[in-house]
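**Q** Provide a 3D model corresponding to the input given below.
(one chain, ligands or ions: 2)
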Amino acid sequence: MVKKILVCILIILLTMNLTACGESKVSRYESEFLVLFNTVTKIVAYTESKEEFTKHSEFIYNNLETYHELYDIYNDYEGVNNLKTINDHAGLEPVKVDKKIIDLLLFAKNEYKKTDGKVNIAFGSVLRIWHEYRTAGTDDPENAKLPPMEELEKAKLHTDIEKVIIDEAQSTVFLEDPDMALDVGAIGKGFAVEQVAQMAIEQGFTSGLISVGGNIRAIGNKGQDKESWNVGIQNPDKDSEEPILKIMNLTDKSLVTSGDYERYYTVDGVNYHHIIDPKTLLPSEYFTAVTIICKDSGEADALSTAVFNMPLDEGIALIDSLPDTEALWILNNGEIKYSAHFEELIKP
Ligand code: ADP
Ligand code: MG
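**A** Numbering: from 1, shown residues only. Ligands and ions are numbered 1, 2, ... in the order given. This next block holds a predicted model:
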């Protein structure tokens, strides 16, 4: 059985766990959780006491959990109207939802416009089919099959994001087309991480790293020494002697990678991954991986998927038009391309 392979983000930290810069001393603490967003959540910070770390870590976990339930498209939670509830009521009636859902959907609509539709949260009907075939093919590799193009094309007729009707005053969402569905796999994690990071900062968490399945948000710097956080970009080539391609300096920035080696299944010896090109309805073939660095983790997540779905020149033009946004592309032949100022963030 081909297991879901998680983005293994390597967080390189100084082994020194005491930073002496005069009076107070801080130690490095780290916590890890396995439940949220079907992936690994990691929190790292240098704090003066374990209690202080635990307080922040619990705050972050609890709030991420709220987002996890609200943005779930597969499971119901008692007393919660989530994205699954909206999908279940497609074509039937508007669903009253938490503002956290309204905010995500408004953000996602904007990302759709910005990326010329390369990341579409209303793509659920098509993604559902791929998900079904991938799950079946993973459980029973011998009989793994590709979804028939005819079925995908029929589903594509039900992916119009304009039919996601958001009523902010009533706090409701209505999917006008009964056969459409939301899938926020490309945006939800990053958006949730950003919101929770902001909340944590307000609570005094001014220095730390939050990583949810490789959606990394660096808050401030490492603390007293004023050094940036260091985050590694994984080499997609697992047989390489160089497991980390670049180590990045991050201060108040997010780093998110979309890659074809994260989640896939195999049909007749060919791997089919989980990021679907809206044009071809097939797994996008432009790159092996795309990494985005910008401040907002929701933006980084949305862009990582969108840029993965567009040719290199289009992606470079888009990234270089956005302020404080950088990208790294790994081409299928292993070659690396950078946006205008990406290299300035690489740790020398
Ligand atoms: P990951 O979730 O593995 O970190 P991404 O952020 O690139 O990677 O999101 C991939 C997920 O986004 C898929 O599993 C699927 O749910 C969804 N998705 C795939 N293709 C598209 C697309 N063209 N538009 C919107 N969402 C997509
Ligand atoms: Mg993404």
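**Q** wait, what's in contact with the residue in the stretch 51-200 of the chain that ligand 2 sits nearest to?
**A** Nearest residue of the stretch 51-200 of the chain to ligand 2 (C-beta to the ion) works out as Ala186 at 4.3 Å. Any C-beta I mention is one placed from the backbone N, CA and C, and that applies to glycine too. Neighbouring residues of Ala186 by C-beta atoms under 8 Å, 6 or more residues apart in numbering: Val119, Ile121, Ser258, Ile275, Asp301, Ala302, Thr305, Ala306.
**Q** nearest spatial neighbour of the fifth one, skipping sequence neighbours?
**A** Spatial nearest neighbour of Asp301, chain neighbours left out: Gly190 (2.4 Å); criterion: C-beta to C-beta, 6 or more residues apart in numbering.
**Q** in whatever helix or strand Leu245 lives in, what's buried?
**A** For Leu245, the host element (DSSP states H and E) is strand 244-250. Within strand 244-250, the residues that count as buried by 16 or more other C-beta atoms under 10 Å are Leu245, Lys246, Ile247, Met248, Asn249, Leu250.
**Q** Going along the chain from the lowest-mean-pLDDT helix or strand in the chain, find the next helix or strand for me.
**A** Lowest on mean pLDDT, DSSP states H and E among the helices and strands of the chain sits strand 11-12, with a mean of 33. Following strand 11-12 in sequence order, the next helix or strand is strand 27-33 (DSSP H and E).
**Q** neighbours of the residue of the chain found nearest ligand 1, just the number please.
**A** Proximity to ligand 1, evaluated over the chain using C-beta to the nearest ligand atom, is greatest for Gly185 at 2.3 Å. Gly185: 21 surrounding residues under other C-beta atoms under 10 Å.
**Q** What helix or strand is it located in?
**A** Using DSSP H and E, Gly185 falls outside every helix and strand.
**Q** who's in contact with it?
**A** Leu127, His274.
**Q** Model confidence for it, exactly?
**A** Looking at Gly185, its pLDDT reads 97.
**Q** quick one, helices of the stretch 1-150 of the chain?
**A** 50-70, 83-88, 99-114, 124-139, 149-156 (DSSP state H, counting those that start in this stretch).
**Q** Mean neighbour count, mean pLDDT and distance to ligand 1 added to those, as CSV?
**A** CSV is the format used below for those (neighbours: other C-beta atoms under 10 Å; pLDDT from 0 to 100; distance: least, C-beta to the nearest ligand atom, whole Å):
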stretch, mean neighbour count, mean pLDDT, distance to ligand 1
helix 50-70, 18, 97, 13
helix 83-88, 20, 98, 12
helix 99-114, 18, 98, 9
helix 124-139, 19, 97, 5
helix 149-156, 14, 98, 11
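**Q** need these in a markdown table with distance to Leu34, can you?
**A** Shown next, in a markdown table, are the helices of the stretch 1-150 of the chain (distance: least, C-beta to C-beta, whole Å):
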| stretch | distance to Leu34 |
| --- | --- |
| helix 50-70 | 11 |
| helix 83-88 | 22 |
| helix 99-114 | 23 |
| helix 124-139 | 19 |
| helix 149-156 | 32 |
